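Enquirer: Predicted model and sequence below, questions to follow.
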Amino acid sequence: MAKTLLGKLFRVTEVPTPQSFLLTDTVEVCGRGLLYSLVNAHLRLDTDVLYLTTTHSTQDIKSHFMQEGTPGKLIVYDGSKDPCGWDGGEGGVLLNQPLPEIFSDRLTSGGTEDKKVVVVIDRYEHILCSQESLHLIRGLHTLIAKEAVEQVIVYCGRDTVEENTLTALAHIAAVTTHLLPSHPLTCKVVLRKPSGKVIKTHEEFTLTKELQVQDVRPVKKATTSLPPVENTEADTILASQTTFSLTLTEDQRAAKNKLLLPHTRVQQAGVGGQIHYTPDDVDDWDDDDPDDDLDI
């Protein structure tokens, strides 16, 4: 599994760690299990995770992570209670403020004790209801550029985000992972390395109950062969009613190959090239000084 791209990404063994990670799914297949698997991998590596949730409560998010056995800390920013601040904004965060301001308490000087963190945006499309797409893209750029941020993970649905917005997200993402509704589960992954190299893979995997990505292997391309062409009844009737045939028997093909057409010249291989020249009366022919290079 370590040699597969999907395995290295979700075990956080890809070097260097991609600064931005885009994970998408559809209504037919949910990618939340993959998101939790990636967050768990960061927590096991003693990396603090700043988790912005827009749909699930803080208790629901924390229930999927075993924080007692992981050195990293999970800090949840609950944007599901009062995203617009209509109820006073107590006990949660406002989704209409810029993304860097939401995490400003942890990304300021000394807020993380000189320790890099991972920022998770759970359901990007819900923040689009409170902010313009251009402002969100700028906020993501700012988060990715911060020295205290090791990786920014954006989770959204491909069928709930406009195509131009999804294109902009994929443009700034170092890793784009599209979860496909297939059995077994498959992902199309695009990795853009800092050197400019682009790696594209299509891999299948299994997700365990412990949210572990296992059994990763490339998807085999299905090869389809055309069925043999059989003579139909119409072809048989047509062949019996015609007075000529376009096919040749073995004897006819051999006779055709031996036939010399009028415009065909048979050249016999000789010793070398020869020049045939007929002297004129005015030619100065010197028998004492022949040209040895010519065979005249």
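Expert: On my side now, so go ahead.
Enquirer: Contact partners for Ile127?
Expert: Thr54, Gly79, Leu95, Leu99, Ile121, Leu136 (Cβ atoms under 8 Å, 6 or more residues apart in numbering). (Glycine included, C-beta is placed from N, CA and C.)
Enquirer: quick one: which of the residues you listed has the most company?
Expert: Greatest neighbour count in the contacts of Ile127, by other Cβ atoms under 10 Å, goes to Ile121: 26 neighbours.
Enquirer: about what we covered before: please list the members of the contacts of Ile127 that lie in strands.
Expert: Judged by DSSP state E, strands contain the following of the contacts of Ile127: Ile121.
Enquirer: Please tabulate the contacts of Ile127 in CSV, including the columns distance to Pro71.
Expert: Formatted as CSV, the contacts of Ile127 follow (distance: Cβ to Cβ, whole Å):
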residue, distance to Pro71
Thr54, 27
Gly79, 26
Leu95, 30
Leu99, 26
Ile121, 23
Leu136, 31
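Enquirer: between the contacts of Ile127, which is nearest Val149?
Expert: Each of the contacts of Ile127 was scored against Val149 by Cβ to Cβ, and Leu99 proved nearest at 11.0 Å.
Enquirer: and the nearest residue to Gly31 once chain neighbours are set aside, how far is that from Arg44?
Expert: Nearest non-adjacent residue to Gly31, counting by Cβ to Cβ, 6 or more residues apart in numbering: Asp25, 3.4 Å away. Distance from Asp25 to Arg44, counting by Cβ to Cβ, to the nearest Å: 23 Å.
Enquirer: okay, the two: which has more neighbours?
Expert: Remark: of Asp25 and Arg44, Asp25 carries more neighbours, 24 against 15, as counted by other Cβ under 10 Å.
Enquirer: quick one: contacts of the helix or strand harbouring Thr201?
Expert: Thr201 belongs to strand 198-207 when assigned by DSSP states H and E. Residues outside strand 198-207 that contact it (Cβ under 8 Å, 6+ apart): 4-7, 33-34, 37, 182, 184-193, 213-219.
Enquirer: So which of those residues are in helices?
Expert: Leu5, Leu6, Gly7, Gly33, Leu34, Ser37 (DSSP state H).
Enquirer: hang on, isn't Val219 packed against Thr186?
Expert: Yes - counting by Cβ atoms under 8 Å, Val219 touches Thr186, with 5.6 Å between them.
Enquirer: Look at those two and report which has more neighbours.
Expert: Applying other Cβ under 10 Å to Val219 and Thr186 shows that Thr186 carries more neighbours, namely 19 against 15.
Enquirer: close enough to count as contact, that one and Thr177?
Expert: No - assessed by Cβ under 8 Å, Thr186 is found out of contact with Thr177, at 10.8 Å.
Enquirer: for stretch 140-152, the distance to its chain's centre please.
Expert: Its chain's C-alpha centre lies 23 Å from the corresponding centre of stretch 140-152 when counted by Cα atoms, centre = their mean, to the nearest Å.
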